[in-house]
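[1] Provide a 3D model corresponding to the input given below.
(2 chains)
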Amino acid sequence: MTPSVAPVQEKGRAVNPLDKLGEEMDELLEGFTSTAIHGDLNRGVTQYTFWMLVASIVLLVLVFVFKKKQEACGLVPKGRFVNGVEFLVEYCRDDLCKGLLGDTWRKHFPFIASVFFFILVNNIIGVIPGCKPGTGCIGTTAALALVSFVYFIVVGMKSKGVIGYIKSLAPAGVAFPMNALVWVIELFSTFLRLVTLAVRLFCNLFAGHVVMGTFAILASLFFIPVMQQITPETLGLAGASIFWIAILLIIYAVELLVAAIQAYVFTLLSAVYIQLAEAEEH
Amino acid sequence: MGVIGYGLGVIGAALGIGLAAYGATTSMARQPEVQGRLFTVFILASAFVEALALIGFVVTLIAGA
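    Numbers count the residues shown, from 1 in each chain, chains lettered A, B, ... in the order given. A predicted model of the protein is given here:
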């Protein structure tokens, strides 16, 4: 994303760095569409798949390092790393599983924890400049949402039986004609869960990165004139560039927060759906 | 035009998140001991509202392209 050198301005003509924003934005959005870096789009590795693989390897390494360090220090956790990971796991267990699922938390804890850590590591790797989030692509999030969707439906069918689960979509105690209508609406909203789970995670990551990229482009566009000729006007634009960089840093901090919150929200919603599928009456 | 439409759409989401934050803060002030549970509910509600704004964002990009 190197902005091309602007032609030297004629004297007396105002410099407007915003002129080139449009084409730069097109280039930025092009960078976010999936492109194959090996093979083709159907049977190859896109940049998102590549970073997802990196995230998975990082996650595996973290798990093994944690296991080794934890065994080394015995029952009492020592050190920032072991304590940090234990804090996350305990948060996931107490807040997400025990808090929402009640007695059956032990059965669903592995699924919920793996989804949480996978998304968290993917998101955080995506925030590092130069890396891309594996979850910033609709394919990945749709697959994750599908896994969660199939999981809670199977859980519901196991605990109530296939017919029982299909019947339980409509709340009991509603008179006949309304009953069918409510059932159809609930069926629709169940499938809508699949869409919203995928779209929410994808959009948050995608939108966040587009906004960060826009401010980075603005900062560079406003800084180019001062490198060509130093006049009071271009110095003013350079001052504005510093302002854009300050905003970029703030948005970067917000994105770090969003990375953690979106992992939390996806897992929380999965847990809520599992709980709804398991509940006796709702 | 699409950008203006997105701005209009965000007004709704902004009101929604604002209302959620308002409710969460007032009830936390009244009953500080339910803070943990309320935070979860607040994040959940914000996530639901925010999804609408984000759908608007993506539709804007698609319409603009």
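[2] which stretches of chain B form helices?
    Taking DSSP state H, the helices of chain B run over residues B:2-30, B:35-64.
[3] Tell me the residues of chain A that contact chain B?
    Contact residues (Cβ under 8 Å from any Cβ of the partner chain) of chain A with chain B: A:29, A:95, A:99, A:196, A:199-200, A:203-204, A:206-207, A:210, A:261, A:264-265, A:268-269, A:272. (Each C-beta comes from the backbone N, C-alpha and C, glycine too.)
[4] Please spell out the segments of the chain that come in under the pLDDT threshold.
    This is for chain A. Residue ranges of chain A with pLDDT under 70: A:1-15, A:280-282.
[5] Chain B was what I was after
    For chain B, the ranges with pLDDT under 70 are B:1-2, B:58, B:64-65.
[6] Burial check on residue 29, number of neighbours?
    I'll assume chain A. Look at residue A:29: counted by other Cβ atoms under 10 Å in any protein chain shown, it has 15 neighbours.
[7] oops, I was thinking of chain B
    8.
[8] same deal with residue A:24?
    That count, for residue A:24 with other Cβ under 10 Å as the rule, works out to 19.
[9] before we move on, which element is the closest residue to it other than its chain neighbours in?
    Leaving out its chain neighbours, the residue that sits closest to residue A:24 by Cβ to Cβ, 6 or more residues apart in numbering or on different chains is residue A:217, at 4.8 Å. Element membership of residue A:217, judged by DSSP states H and E, is helix A:176-228.
[10] Taking helix B:35-64 as reference, get the angle to that helix.
    70 degrees (axes from the mean of the first three to the mean of the last three Cα atoms, to 10 degrees).
[11] chain center to helix A:176-228: distance?
    10 Å (Cα atoms, centre = their mean, to the nearest Å).
[12] Which elements pack onto it?
    helix A:21-32, helix A:105-127, helix A:138-160, helix A:232-278, helix B:35-64 (3 or more Cβ pairs under 8 Å, 6 or more residues apart in numbering or on different chains; DSSP states H and E).
[13] The shortest one packs against which elements?
    If contacts are counted by 3+ Cβ pairs under 8 Å, 6+ apart, helix A:21-32 sits against helix A:176-228.
[14] Can you tell me which residues in chain B are near chain A?
    So far as Cβ under 8 Å from any Cβ goes, chain B lies against chain A at B:36-37, B:40, B:43-44, B:47, B:50-51, B:54-55, B:57-58, B:61, B:65.
[15] Distance check, whichever residue of the stretch 51-200 of chain A sits closest to chain B against residue B:46.
    Among the residues of the stretch 51-200 of chain A, residue A:200 lies closest to chain B, at 4.6 Å counting by Cβ to the nearest Cβ. Distance of residue A:200 to residue B:46, given as Cβ to Cβ, to the nearest Å: 11 Å.
[16] Which one's more surrounded, these two?
    residue A:200 (23 against 18).
[17] I figured the residue nearest to residue A:24 hits residue A:28, correct?
    Yes. Using Cβ atoms under 8 Å, residue A:217 makes contact with residue A:28 at a distance of 6.4 Å.
[18] Residue A:278: how many residues sit nearby?
    21.
[19] any chance of the helices and strands packed on helix A:176-228 in TSV, plus distance to residue A:91?
    Shown next, in TSV, are the helices and strands packed on helix A:176-228 (distance: least, Cβ to Cβ, whole Å):
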stretch	distance to residue A:91
helix A:21-32	31
helix A:105-127	9
helix A:138-160	19
helix A:232-278	9
helix B:35-64	11
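[20] Among the ones you listed, which comes closest to residue A:78?
    helix A:105-127 (21.7 Å; Cβ to Cβ).
[21] chain center to the closest one: distance?
    The answer for helix A:105-127 is 11 Å, by Cα atoms, centre = their mean.
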